[in-house]
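*Asks:* Predicted model, plus sequence, below.
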Amino acid sequence: MTTKTKVATGVVSPFLIVLCLLAGSAYADTLNRHVRVHNNSSYVMTELRASNVRRTDWEEDILGVRTLPPGRSINVNIDDGSGHCRYDLKARFGSGAEVVRWNVDVCTVTDWRIFNNSNRID
């Protein structure tokens, strides 16, 4: 007597699609969006904001009530839960000056160094 093997073609295909989608979202969740912000200026940083490039307004201040003195750095997780990697970054200082860096890939960048007259992404 032979045994018939049934192949569930209608079930396997949707299952694989769901599995692939879940694997893709798991990968997106593992991306590192941490950026170390270095205040190499002469002024106290009073505000730090990051908004994904699709937003038309700035997100809340990451520093909150804290400040970042000259010569200090802070590691921030720039992840709004959207899965985006590209963000606009803005720092404001006690002097009133602002530094903005547009379209930064926070999934690959590890450092943002801010000086008195320039800034650099590493």
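*Replies:* The structure has been received and is ready for your questions.

*Asks:* the helices in this protein, which residues?
*Replies:* In the chain, helices defined by DSSP state H lie at 9-29, listed in chain order.

*Asks:* Select the helix or strand of it having the lowest average pLDDT value.
*Replies:* Lowest mean confidence among the helices and strands of the chain (mean pLDDT, DSSP states H and E): helix 9-29, at a mean of 50.

*Asks:* Poorly predicted segments of the chain, please.
*Replies:* Across the chain, the ranges flagged by pLDDT under 70 are 1-29.

*Asks:* Assess the claim that V109 and N103 are in contact.
*Replies:* No - applying CB atoms under 8 Å, one finds V109 not in contact with N103, separated by 10.9 Å. (C-beta placed from N, C-alpha, C; glycine too.)

*Asks:* Give me the more crowded residue out of the two.
*Replies:* Between V109 and N103, counted using other CB atoms under 10 Å, V109 has the larger neighbour count: 20 against 9.

*Asks:* so how far is R33 from the more buried one?
*Replies:* For V109, the distance to R33 equals 9 Å [CB to CB, to the nearest Å].
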